[in-house]
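1. below are the sequence and a predicted model for it; my questions follow.
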Amino acid sequence: MINIAIIGAGIGREHLAALRELSSEFRVVAVVDQNLKRIEEIRSGDTFVALTDITKVLTDPEIDIIDICLPPHLHVSVTLDALSFGKHVICEKPLATSLADVDRISDAAKRSGCYVFPVFQYRWGPSLAQLRHLMASGLAGQVQVASLETHWSREYDYYSVPWRGTWSGERGGAVLGHAIHNHDLLTHIAGEVAALSAMTATRVNEIETEDCASITFAMTSGALCTSSITLGAAGDETRLRFVFENLTATSGTAPYAPGGQPWTFTARFKDQQHEIDKAVVNTPLEAVGFEGFFTEIGKAINAQENSAVTLEEGAASISLVTAIYHSSRTGARVNLPLLPEHELYKGWLP
């Protein structure tokens, strides 16, 4: 049994719901939040301890994993503290807000011998399992182009939380806090980014950070990809399309769990459609979102073959965000990877 403490009862609510479904592998020992009432609102009959002091879980020898569900400006310090006490870490996005801090986390993880799992739960779901199966079988071929749409709606009530929409609290806007999941899916499916160009703007809300963006990516494979982002849409929709050599994969519009909604897989050549359909039908089922995410962490902790999100993948995500902000401010095309001498390596805050 893997014992886990959730830090933060906001997005921690969703983590808890997934962990309830995996009670044969995980036991939630404690939930920590400054507001005990908020903890009780998510308890739903659970027997975990409600705490306001994180030190109590850091020093508890029974706890294996610290699950960080806090505002972004607290992620690095709590991750480093957890690692110093010999705990594995799950950290909500973003893992950090500078590549220098990612290096600090990486060094601390090596010293402790513990895992750090950045949260990218969008990777899991039946439709994404089908796409990965088509790719692994050779039926898809190489990615040619891809387009991502993160078209969501965020209004005054969302930004009534004091730290949101600020550089000091949220550390970024739609690029960092919203589209980061879809950009992770892009690299998960299409591979590494070689270069990008980006434009960002604040057009929807009276906030400090960006709420719109348009980005073009050149992948190391040669594929060309685009990302369109706004928090001023009529509703919340995520739409993904990957055009491969032999098929086109198109998502539905589910905003937060794109792998949980059926995708279409259309053969470029009609005589291949039957084989593609057969492969899709024969793909093993996969849990959606956080449940799939935690399942793979359980395998990693138990030294089993797994596809858990790695610290290196979290680092790549922060590198991508850094490059996007640099491009949007300078108008330059930015090549990746970014080196330590890059001017935003220590952070992108204005």
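-> Alright, I've got the coordinates.
2. may I see the buried residues of the helix or strand bottoming out on mean pLDDT in the chain?
-> Using mean pLDDT, DSSP states H and E, helix 156-159 stands out as the lowest-scoring helix or strand of the chain, at a mean of 93. For helix 156-159, burial by neighbour count (16 or more other Cβ atoms under 10 Å) applies to residue 159. C-beta coordinates here come from the backbone N, C-alpha and C atoms, glycine included.
3. I'd like the next helix or strand past it.
-> helix 174-177 (DSSP states H and E).
4. format the CA atom coordinates belonging to the helix or strand following that following helix as CSV.
-> Beyond helix 174-177 in the direction of the C-terminus, DSSP H and E gives the next helix or strand as helix 180-190. What follows is helix 180-190, C-alpha atoms only, in CSV (Å, rounded to 0.1, in the frame of the first residue of the first chain):
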residue,chain,number,x,y,z
ILE,A,180,0.3,23.7,-20.7
HIS,A,181,-1.6,20.3,-20.7
ASN,A,182,-2.3,20.4,-24.5
HIS,A,183,1.3,21.4,-25.2
ASP,A,184,2.4,18.4,-23.2
LEU,A,185,0.1,16.3,-25.3
LEU,A,186,1.7,17.8,-28.4
THR,A,187,5.2,16.7,-27.4
HIS,A,188,3.9,13.4,-26.0
ILE,A,189,2.5,12.5,-29.5
ALA,A,190,4.7,14.5,-31.9
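5. show me what helix 180-190 is packed up against.
-> When contacts are defined as 3 or more Cβ pairs under 8 Å, 6 or more residues apart in numbering; DSSP states H and E, helix 180-190 sits against helix 126-136, strand 143-153, strand 224-230, strand 232-244, helix 311-330.
6. tell me which of the ones you listed lies nearest to residue 40.
-> strand 232-244 (28.2 Å; Cβ to Cβ).
7. other residues contacting that closest one?
-> Residues external to strand 232-244 that are found in contact with it (Cβ atoms under 8 Å, 6 or more residues apart in numbering): 131, 135, 140-153, 182, 185, 189-190, 203-205, 211-212, 248-256, 258.
8. so how many other residues sit close to residue 11?
-> Neighbourhood size, residue 11 [other Cβ atoms under 10 Å]: 16.
9. quick one, grab the pLDDT at the residue nearest to it when sequence neighbours are not counted.
-> Using Cβ to Cβ, 6 or more residues apart in numbering and skipping the chain neighbours, the partner closest in space to residue 11 is residue 69 (4.7 Å). Model confidence at residue 69, given as pLDDT, is 98.
10. next up, the contacts around residue 69.
-> Taking Cβ under 8 Å, 6+ apart, one finds 6, 7, 8, 9, 10, 11, 12, 15, 92 in contact with residue 69.
11. what's the spacing between it and residue 237?
-> According to Cβ to Cβ, to the nearest Å, residue 69 and residue 237 sit 25 Å apart.
12. could you check how far residue 222 is from residue 191?
-> Residue 222 is 10 Å from residue 191, by Cβ to Cβ.
13. neighbour count: these two, which is higher?
-> residue 191 (15 against 11).
14. I figured that one hits residue 135, correct?
-> No - counting by Cβ atoms under 8 Å, residue 135 is not a contact partner of residue 191; they are 10.8 Å apart.
15. which SS class is the residue of the chain most remote from its centre?
-> Distance from the centre of the chain peaks at residue 271, with 36.8 Å (Cα atoms, centre = their mean). With DSSP: H, G, I helix; E, B strand; the rest coil as the basis, residue 271 sits in helix.
16. how about residue 27?
-> Per three-state DSSP, residue 27 ends up strand.
17. what sits against it?
-> Residues in contact with residue 27 (Cβ under 8 Å, 6+ apart) are 1, 2, 3, 4.
18. can we see that at 10 Å?
-> Residues near residue 27 by Cβ atoms under 10 Å, 6 or more residues apart in numbering: 1, 2, 3, 4, 19, 46, 47, 48, 62, 63, 64.
19. what's the answer for residue 225, then?
-> Going by Cβ under 10 Å, 6+ apart, residue 225 touches 143-148, 183, 186-187, 189-190, 193, 196, 215-219, 241-243.
20. cool, residue 165 as well?
-> Listed by Cβ under 10 Å, 6+ apart, the contact set of residue 165 reads 154, 158-159, 173, 177, 202, 205-211, 231.
21. which parts of the stretch 251-350 of the chain are strands?
-> Chain-ordered strands for the stretch 251-350 of the chain, with DSSP state E, counting those that start in this stretch as the definition, fall at 264-267, 334-335.
22. now render those strands as JSON lines, adding mean pLDDT.
-> JSON lines is the format used below for the strands of the stretch 251-350 of the chain (pLDDT from 0 to 100):
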{"stretch": "strand 264-267", "mean pLDDT": "98"}
{"stretch": "strand 334-335", "mean pLDDT": "98"}
